[in-house]
Every structure is written in structure tokens, then in C-alpha cells.
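A.B. asks: sharing a model prediction with you, sequence too.
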Amino acid sequence: MDYKEICLQVAELASNVGAYVKEERQKFNTSGIETKGKNDFVTYVDKASEERIVEGLSKILPEAGFIAEEKTSIKKSEHYNWIIDPIDGTTNFIHGLPPHAISIALQYDSELVIGVVHEIALNESFYAWKDGGAYLNGNPIHVSKNKIVNDSLIATGFPYSDYSRMDAFIETMKYFFTNSHGLRRIGSAATDLAYVACGRFDAFYEYALKPWDVAAGAVLVKEAGGCICDFSGGDTYLYGGELISSNSLIFDEMKEIIGSKMNIDLK
């Protein structure tokens, strides 16, 4: 399987669908919003974007199945499955805010082998494939080289429906408010991870995540030289709903801070 060639085709597809999403945003109004749950929104643009992505991916790799947020296809494959978020950051999209991004990953058995994040507003295409490095608009990218959290810019995301761990989570935020260069919340986990991969953020962490939020970004971070784990230091970040990502230099410090504030024993 030529992961490089497939990745480049997927990046082109994401860019084309991103242009459609950007065009639709110019004429979008609130009548196009549906509510799936508390603060969990979907629009006709999400659905149309996913339909276009599924159609395109089916041509690129016909044997693959899908794990797609809007369930445009529920086809499953024994080995290869695409993990898709047609618009990560739908709330941002609804309000006309960047960033919002298309996130597409390819999973082979339990391994993520391709990741593409197309940030629509800035027309930035992040992509990576197994053992091939990570790229932004054709140029190689790498995680940052900051050595301590105190010198780092940290990103996070706020849960929109699961508030069960908020007290402990706020303790992590308090720490980073006063012991880093700052804490940012931009509203798209896929973009957060892409920004870790290219060094704009030194670290990103969040809970209450879905696989399609993080799959593509996880490939980017790893191929850009970074590290990822769940809050206890394990590897259940894809389906476990929680994630820490950073460069390798502050990774242990990030795990220790978040683990202690969230009252978690590290592995």
C-alpha cells in the first residue's frame, strides 16, 4: 500500500471539499442548524461535506470502511477504515469563526497510518503518512523545541456536554494560566493537534473527545516528532475520550501536571 500517494490524494480531496464549505459559509444562516444533543450541532454543510468526502475516499480506496461523525456511510472493513470529521469546529463555523477543519484519517487494524487536516479559513493543508513525516502545504513541519512548560503555549478544549470532570479540569487550567506563556482554546481539536505538529502550540490536551476529533491530528503530531497519550499515560487516546499531546521535551511534565490535577495515577 502506497500511503504517500493515498495521502496526497486525500489532501487534495480535503482541499476541494474545504473550498465548498468555505463557499457555503458565505450564504449560511441559522435555519440550517440541527441539534444532536446539548451544545452539539450539525448543519446541512456538515452532511454535504461528509457525503463528498465519503464519495471521494471510496474512489481512492474502494475496499475501506468508514467511521464518520454524521454516519453518511456505516460500511466497515476488516482492515482499512477511514475516520472522518467533515467539519471539526461546527460551532465556530455556525458563528463565522475560524478555525474549522476537515479531518480525515486512515486506520489499518489498530494503527493510524494517514492523517489529513485541512483548516478551511486559512486554506492550510496539514498531512502525514506512516514513516513519511508531516507537512503543511507541501513543506515539512516539526513540533516545537521548548524544553519546559513555563516557556510553552498550551492549548485545550472545553467539554460541551460532559461536565463530570470540570472541577479537576479547571485546576489544570489554573496551573497553565500561571505557569506557561498562556492557555488557548480555539474550538477545533483537529486544528489544535495540527498546530502542535507545526510548533504553533507546544502542547494540547482535552477530554470528552471523539475518534474523528483526534485521529488525523494524532498522525500529524507523531510524524512531526511529537508524543501523544491519554491522561494516565496510556495509549487509549483514540477511543478513550482524552488526550495529551506535545513535543517530546515537555511530554513528561505535561503528563505529571495533568495527572496530578485530574487525580490520575500515571502508568
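C.D. replies: Received it, and whenever you're ready, just let me know what you need.

A.B. asks: so where is the stretch 151-267 of the chain shaky, pLDDT-wise?
C.D. replies: 267 (pLDDT under 70).

A.B. asks: what ranges does it have for its helices?
C.D. replies: In the stretch 151-267 of the chain, the helices defined using DSSP state H, counting those that start in this stretch lie at 166-178, 189-197, 211-223, 237-240, 251-261.

A.B. asks: check which residues of the fourth one are buried.
C.D. replies: The neighbour-count criterion (16 or more other Cβ atoms under 10 Å) identifies Tyr237, Leu238, Gly240 as the buried residues of helix 237-240. Placement of C-beta: from N, CA and C, glycine included.

A.B. asks: what does stretch 245-256 give?
C.D. replies: Ser245, Ser246, Asn247, Leu249, Ile250, Phe251, Glu253, Met254, Lys255.

A.B. asks: just name the closest of these to Asn29, please.
C.D. replies: Of all the buried residues of stretch 245-256, Ser245 has the smallest distance to Asn29: 35.6 Å, by Cβ to Cβ.

A.B. asks: from Cys198, how far off is the closest one?
C.D. replies: Distance, Ser245 to Cys198, using Cβ to Cβ, to the nearest Å: 13 Å.

A.B. asks: ditto for Lys222
C.D. replies: As judged by Cβ to Cβ, Lys222 and Cys198 stand 13 Å apart.

A.B. asks: check Ile264 too.
C.D. replies: From Ile264 across to Cys198, the span is 29 Å (Cβ to Cβ).

A.B. asks: quick one: which of these two has more around it?
C.D. replies: When Ile264 and Cys198 are compared for neighbours, Cys198 comes out ahead with 21 against 16, by other Cβ atoms under 10 Å.

A.B. asks: which residues sit in contact with Asp131?
C.D. replies: Applying Cβ atoms under 8 Å, 6 or more residues apart in numbering to Asp131 gives the contacts Glu223.

A.B. asks: could you list the low-confidence segments of the stretch 1-150 of the chain?
C.D. replies: Ranges of the stretch 1-150 of the chain meeting pLDDT under 70: 31-32, 36-40.

A.B. asks: much appreciated, bye for now.
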